[in-house]
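Enquirer: okay, predicted coordinates and the sequence, questions at the end:
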Amino acid sequence: MSKNNKEYLIKRDNNEYEVVIGLEVHAQVLSESKLFSASPTKFGSEPNTQVSLVDAAFPGMLPVINEFCIKQAIKTGIGLNARINNRSIFDRKNYFYADLPQGYQISQYKNPIVGEGSITLDMPEGEKKIGIERLHLEQDAGKSIHDIDPKNTLVDLNRSGVALMEIVSKPDLRSLDEVNAFIKKLRSIMRYLGTCDGNMQEGSLRADVNVSVRKKGVLELGTRCEIKNVNSIKFMQMAIDYEANRQVDVLEEGGTVDQETRLFDTKKNETRSMRTKEDAHDYRYFPDPDLLPLELNDEFIEDIKKDIPELPDEKKKRFIEKFKLSPYEANILVSDIETSKYFEDVSIKSDIKLATNWITGELFALLNDKSIEITECPISSENLAKLINLIKDGTISGKIAKNVFEIMADGNKDPEKIVEEKGLKQQSDPKELEKIIDKVVLDNPKNVGAYKSGKDKLFGFFVGQVMKQSNGKANPQLVNEILKKKLS
């Protein structure tokens, strides 16, 4: 089995199967109120405390479009290099479920608000463009709760009516790594735009994953299965891996893959059948009679375009040109908007190269160790810049800086004060260093002789002895310079 970035191939005897993947990403619109009512959208509220008569589908209650949600969808479409449609229609998607109080979902079918676009992925083997089929707006359903009452299913309608953007990719994804990169890039774009927070653990970003397989070299797509409501990148990858292998096994045994909707069991690491996949006519779509077609003039769209911030691809290009970063470094630093802001705050006050190394090295390790976001970082950008400047001007060595960094991590302490209070200033007086070096040379005559006879690796021994004698405070650069002269 091959799972590299270029392709994901499954081998069986003499056959090789290519996996074809498409995603339907459901992104919650970052809005304080719902799509068709003024109810709040705050996460974690007590059940059924954010429900209006519209959300609960009381008779006679009419939906009213939230203009802010419309603008958020348009901004996202612009960020996806997509066509914004001047005319779109809200439809009723008819199906029954206990947490869908209307008996239908208000969605968009043939006339979505956003048309075709694309996302460019930065893969190790180069850039790859993934097509976007559409983005449409729809309302979320409520939530069925099965584990509180042993005899009854409870329903929480807090999410009923929350605005969702369904972003549908074309079947252009070919590997687990590409799925990972796609979700992260999409989430990054929406966070830059402020249209979705992308918090998968809170349910504001989840995806239906469409998987099919075909023999390598065959152009025709295989029969796809849709895996519903997967809420983490890890689970998406696990679900795709299982489902693709399941389909290959079916084909290898002479069977046919049924088009169906499946669920992913995270405990058993397997997909299982949920229902036969419906076609559009099964939902009996028709224009919602309570909502007029949405008409957008060009001026309205152009005004939104004026507020679009610098997006990840543009920022990456600027970082490479302005800061002379490598594409790899720039990719890391622009992947998250808060990280890019932090980097710029540090870099304008200190050395760019050192700022890049410290943020992608020590700082990221700290965040990972504490399982926190950079917005919760205990070290401010101002104090990290100060630490870098202490290294740059020779006040402390890189080794001492790491010790200072650990102290700073306990509560955003000023590195200058830490160095002063603990007496950590680097020893850079040539005369004082010369005294230490002379003693080290005098105490190790055999090693001196061996070094002079050609054992160059012993130079590190002398450096280590000097650092030991100076309690790690000797300026390494000066130590190297003086030692070379003394041992020549």
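Expert: Here it is on my side, so go on.
Enquirer: okay, now the unreliable bits of the protein?
Expert: 1-6, 277-278, 280, 429 (pLDDT under 70).
Enquirer: where's the longest helix along it relative to the chain centroid, distance-wise?
Expert: Longest helix of the chain, by residue count under DSSP state H: helix 233-252. Centroid separation for helix 233-252 versus its chain: 23 Å, with CA atoms, centre = their mean, to the nearest Å.
Enquirer: got the domain ranges for this protein?
Expert: What automatic domain parsing lists as the domains of the chain is 9-304, 312-421, 430-487.
Enquirer: can you list those in CSV and add mean neighbour count?
Expert: Bear in mind the C-beta positions are built from the backbone N, C-alpha and C, glycine included. Converted to CSV, the domains of the chain look like this (neighbours: other CB atoms under 10 Å):
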stretch, mean neighbour count
domain 9-304, 17
domain 312-421, 17
domain 430-487, 15
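Enquirer: hmm, back to that, mind listing residues that contact the longest helix of the chain?
Expert: 3, 8, 10, 12-13, 15, 17, 19, 21, 23, 176, 179-180, 183-184, 200, 207, 209, 211-213, 222, 225, 227, 230, 256-257, 262, 264, 266, 269-271 (CB atoms under 8 Å, 6 or more residues apart in numbering).
Enquirer: host element of residue 135?
Expert: strand 126-139 (DSSP states H and E).
Enquirer: does residue 113 touch residue 73 like I think?
Expert: Yes - assessed by CB atoms under 8 Å, residue 113 is found in contact with residue 73 at 5.3 Å.
Enquirer: what touches both of those two?
Expert: Residues touching both residue 113 and residue 73 by CB under 8 Å, 6+ apart: 135, 137.
Enquirer: wait, what's in contact with residue 96?
Expert: Taking CB under 8 Å, 6+ apart, we find residue 96 in contact with residue 103.
Enquirer: how about the one 5 residues further on?
Expert: Taking CB under 8 Å, 6+ apart, we find residue 101 in contact with 55, 56, 57, 142, 157, 160.
Enquirer: who are the packing partners of the helix or strand encompassing residue 405?
Expert: Assigned by DSSP H and E, residue 405 falls within helix 398-408. Applying 3 or more CB pairs under 8 Å, 6 or more residues apart in numbering; DSSP states H and E, we find helix 398-408 packed against helix 381-392, helix 415-421.
Enquirer: give me the contact list for that helix.
Expert: Under the contact criterion CB under 8 Å, 6+ apart, helix 398-408 has outside partners 358, 362, 366, 378-379, 383-384, 387, 390-391, 396, 413, 415, 418-419, 424, 426, 472-473.
Enquirer: hey, where'd the helices end up in the stretch 301-450 of the chain?
Expert: Using DSSP state H, counting those that start in this stretch, the helices of the stretch 301-450 of the chain run over 312-323, 327-334, 337-347, 352-358, 364-370, 381-392, 398-408, 415-421, 430-443, 445-452.
Enquirer: quick one, the last one and helix 430-443 angle?
Expert: The reference is to helix 445-452. Angle of helix 445-452 versus helix 430-443, following axes from the mean of the first three to the mean of the last three CA atoms, to 10 degrees, is 100 degrees.
Enquirer: following helix 445-452, which helix or strand comes up?
Expert: helix 459-469.
Enquirer: which strands or helices does that next one pack on?
Expert: Using 3+ CB pairs under 8 Å, 6+ apart, helix 459-469 is in contact with helix 430-443, helix 445-452, helix 476-487.
Enquirer: and the shortest one, C-alpha only, in PDB?
Expert: It refers to helix 445-452. Provided in PDB are the C-alpha atoms of helix 445-452 (Å, rounded to 0.1, in the frame of the first residue of the first chain):
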ATOM      1  CA  PRO A 445      49.300  19.400  28.300                       C
ATOM      2  CA  LYS A 446      48.700  15.900  26.800                       C
ATOM      3  CA  ASN A 447      45.600  17.000  25.000                       C
ATOM      4  CA  VAL A 448      47.400  20.100  23.800                       C
ATOM      5  CA  GLY A 449      50.100  17.900  22.300                       C
ATOM      6  CA  ALA A 450      47.600  15.600  20.800                       C
ATOM      7  CA  TYR A 451      45.600  18.500  19.200                       C
ATOM      8  CA  LYS A 452      48.800  20.000  17.700                       C
END
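Enquirer: from the middle of its chain, how far away would that helix be?
Expert: 55 Å.
Enquirer: elements contacting that helix?
Expert: Using 3+ CB pairs under 8 Å, 6+ apart, helix 445-452 is in contact with helix 459-469, helix 476-487.
Enquirer: out of these, nearest to residue 92?
Expert: Comparing these by their distance to residue 92 (CB to CB), the top pick is helix 476-487, with 71.7 Å.
Enquirer: now the closest one against helix 398-408, angle please.
Expert: Using the same axes, to 10 degrees: helix 476-487 against helix 398-408 is 150 degrees.
Enquirer: save the helices of the stretch 301-450 of the chain as JSON lines, and put in distance to residue 485 too.
Expert: Shown next, in JSON lines, are these (distance: least, CB to CB, whole Å):
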{"stretch": "helix 312-323", "distance to residue 485": "37"}
{"stretch": "helix 327-334", "distance to residue 485": "37"}
{"stretch": "helix 337-347", "distance to residue 485": "36"}
{"stretch": "helix 352-358", "distance to residue 485": "28"}
{"stretch": "helix 364-370", "distance to residue 485": "38"}
{"stretch": "helix 381-392", "distance to residue 485": "25"}
{"stretch": "helix 398-408", "distance to residue 485": "23"}
{"stretch": "helix 415-421", "distance to residue 485": "29"}
{"stretch": "helix 430-443", "distance to residue 485": "9"}
{"stretch": "helix 445-452", "distance to residue 485": "13"}
